[in-house]
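*Asks:* here is my input; please provide its structure:
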Amino acid sequence: MSAQPLLDGNQPRNPLRDKRRNVEINVGKACNNKCVFCLDGFPSADNRRFMAWPLMKSELEQYYASGSRSVGFLGGEPTIYPHIVKSVAYAKEIGFTRIAIASNVTRMAKTKFADKMLEAGLTRVTVSMHGHTPELENKLTRVPGVFEKKCKAIRYLMEKSAEGYLVDGVSVNIVLNGWNYKALPKMMRFFYEDLGVPDVRINFVRPEGYAEGSSDLTPQYRDVVSVLIKAIVLNERHFKKVFTFGGFPMCVLPKSLRESEALLQKYMGEYRDLSTDCSVKADSAGPLGHQPVPDGAVEGVSVISGGRARFNWQDRKRFDLKGGPRACASCSLGDVCEGVWKGYLDIYGDGEFKALP
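*Replies:* All right, here's what the predicted structure looks like:
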């Protein structure tokens, strides 16, 4: 495969990628789950505090004026944000055409609340769910009974999608970690066939927050890739749904995959992700990388304004959150591959990575 030139946000060219500029607004770090791999770890009381409505309104207006037509709401858990319905409605009112939420959806198990979100203008839901059984999901989220609530919410959202709501889809986002990666084929069958979800994304665990330094939660790539390839083969031959993966450096993938442009565009999430800007509380940006600095945007560095840190997510990953193993210096795919999570290198070093000719 020849190296591809990058577009805005350091993304490889892919005709399947939605071209709308996206912004993700973090509403605060408060959450009603306690996932064992949570990036936020133990957020301070200040970081748990939700952003005020006037600030949310201003952020939506500013990003729309700058050209964004897609907006996503993040947390913590955004459905417990007191102004979330109003935020969705206002995004629709001013012209956003894609309005998404990344959520554990436990609150959306209450159909009355789910209906309010849909009527306000929500067009996509990305569900954070990481297990196909009550035992696995409840163990990973550390909340008894959460599995049943998520299943109920997903089934209802799929019903509403069939009625014409959620035009940008419903997906499940799995954090692939040491406790669940071997069950990936079973999880695919559960989400695709039992719950009817048409879109599954797996992201390799980022060893920060609760998972920092944990080899138990952070498997080695060499152990996970065989399961990933089995999942791709299953999808090609059986499921035939949307399945994408993220967080895997190119050199750990088998040659047959990394040299197939068609397969990479179909399965590698970094090829398909929207170019995304982020807005988070300024002093919440530290765990994302180095502390942001004011006055001017440079690669990987946030601009602080009005108490918010703003940065491009693709740049942040490439220049802050991921490190370059020694092999990256002479690798021909350096303009496509983002590198490896720094937390992974802290655990395992860089001995398993190789330069590609």
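*Asks:* so who does residue 345 touch?
*Replies:* 323, 325 (C-beta atoms under 8 Å, 6 or more residues apart in numbering). For the C-beta atoms, the positions are set from N, CA and C on the backbone; glycine is no exception.
*Asks:* which strand or helix spans it?
*Replies:* helix 342-348 (DSSP states H and E).
*Asks:* tell me the buried residues in that helix?
*Replies:* 342-345, 347-348 (16 or more other C-beta atoms under 10 Å).
*Asks:* go on, stretch 14-22?
*Replies:* Of the residues in stretch 14-22, 14, 17, 20-22 count as buried by neighbour count, 16+ other C-beta under 10 Å.
*Asks:* ok, which pair from those is furthest apart?
*Replies:* 14 and 21 (15.6 Å; C-beta to C-beta).
*Asks:* now the helix holding residue 345, how far from the centre of its chain.
*Replies:* Helix 342-348 sits 20 Å away from the centroid of its parent chain (C-alpha atoms, centre = their mean, to the nearest Å).
*Asks:* pull the CA atoms of it into CSV?
*Replies:* Coordinates of each C-alpha in helix 342-348 appear next as CSV, following Å, rounded to 0.1, in the frame of the first residue of the first chain:
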residue,chain,number,x,y,z
LYS,A,342,2.1,6.5,25.3
GLY,A,343,0.6,4.6,28.2
TYR,A,344,1.1,1.4,26.2
LEU,A,345,4.7,2.1,25.7
ASP,A,346,5.1,2.8,29.4
ILE,A,347,3.9,-0.7,30.1
TYR,A,348,5.5,-2.8,27.3
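*Asks:* list the contacts for residue 156?
*Replies:* 108-109, 111, 114.
*Asks:* and residue 263, by the same measure?
*Replies:* Applying C-beta under 8 Å, 6+ apart, the residues near residue 263 are 232, 257.
*Asks:* buried stuff in the host helix or strand of it?
*Replies:* Using DSSP H and E, residue 263 maps to helix 261-267. Neighbour counts over helix 261-267 (16+ other C-beta under 10 Å) mark 263-267 as buried.
*Asks:* with stretch 210-227 instead?
*Replies:* 210-212, 214, 217-219, 221, 224-225, 227.
*Asks:* if we can go back for a sec, distance to residue 155 and pLDDT added to the buried residues of helix 261-267, as CSV?
*Replies:* What follows is the buried residues of helix 261-267, written out as CSV (distance: C-beta to C-beta, whole Å; pLDDT from 0 to 100):
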residue, distance to residue 155, pLDDT
263, 31, 95
264, 33, 93
265, 31, 93
266, 27, 96
267, 27, 97
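*Asks:* a markdown table please, covering these and showing distance to residue 303.
*Replies:* Compiled in a markdown table, those are given as follows (distance: C-beta to C-beta, whole Å):
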| residue | distance to residue 303 |
| --- | --- |
| 263 | 37 |
| 264 | 32 |
| 265 | 32 |
| 266 | 35 |
| 267 | 34 |
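*Asks:* can you map out the strands along the stretch 51-200 of the chain?
*Replies:* 70-74, 98-103, 124-128, 170-176, 199-204 (DSSP state E, counting those that start in this stretch).
*Asks:* report the helix or strand with the lowest average pLDDT across the chain.
*Replies:* strand 6-7 (a mean of 32; mean pLDDT, DSSP states H and E).
*Asks:* circling back to that earlier point, got a winner among the contacts of residue 156 for most neighbours?
*Replies:* Neighbour counts for the contacts of residue 156, by other C-beta atoms under 10 Å, peak at residue 108, which reaches 26 neighbours.
*Asks:* separation between that residue and residue 345?
*Replies:* Between residue 108 and residue 345 the computed distance is 37 Å (C-beta to C-beta, to the nearest Å).
*Asks:* the helices in the stretch 151-300 of the chain, which residues?
*Replies:* 184-189, 221-234, 255-258, 261-267, 269-272 (DSSP state H, counting those that start in this stretch).
*Asks:* any weak-confidence spans in this protein?
*Replies:* Along the chain, segments meeting pLDDT under 70 span 1-13, 41-44, 283-302.
*Asks:* can we see that at 90?
*Replies:* Residue ranges of the chain with pLDDT under 90: 1-19, 39-49, 209, 271, 281-308, 318-319, 323-324, 333-337, 357.
*Asks:* quick check: closest non-adjacent residue to residue 27.
*Replies:* Leaving aside its chain neighbours, residue 27 sits nearest to residue 81 (4.2 Å; criterion: C-beta to C-beta, 6 or more residues apart in numbering).
*Asks:* same deal with residue 103?
*Replies:* Here the residue nearest residue 103, using C-beta to C-beta, 6+ apart, is residue 79, at 5.2 Å.
*Asks:* what's that neighbour in contact with, if anything?
*Replies:* 101, 103-108, 113, 117 are the contacts of residue 79 under C-beta under 8 Å, 6+ apart.
*Asks:* try 7 Å this time
*Replies:* Taking C-beta atoms under 7 Å, 6 or more residues apart in numbering, we find residue 79 in contact with 103, 107-108.
*Asks:* what about it, distance to residue 329?
*Replies:* Counting by C-beta to C-beta - residue 79 and residue 329 are separated by 44 Å.
*Asks:* now do residue 193
*Replies:* From residue 193 to residue 329 the distance is 45 Å (C-beta to C-beta).
*Asks:* residue 271 versus residue 159, what's the distance?
*Replies:* Separation of residue 159 from residue 271 (C-beta to C-beta) stands at 31 Å.
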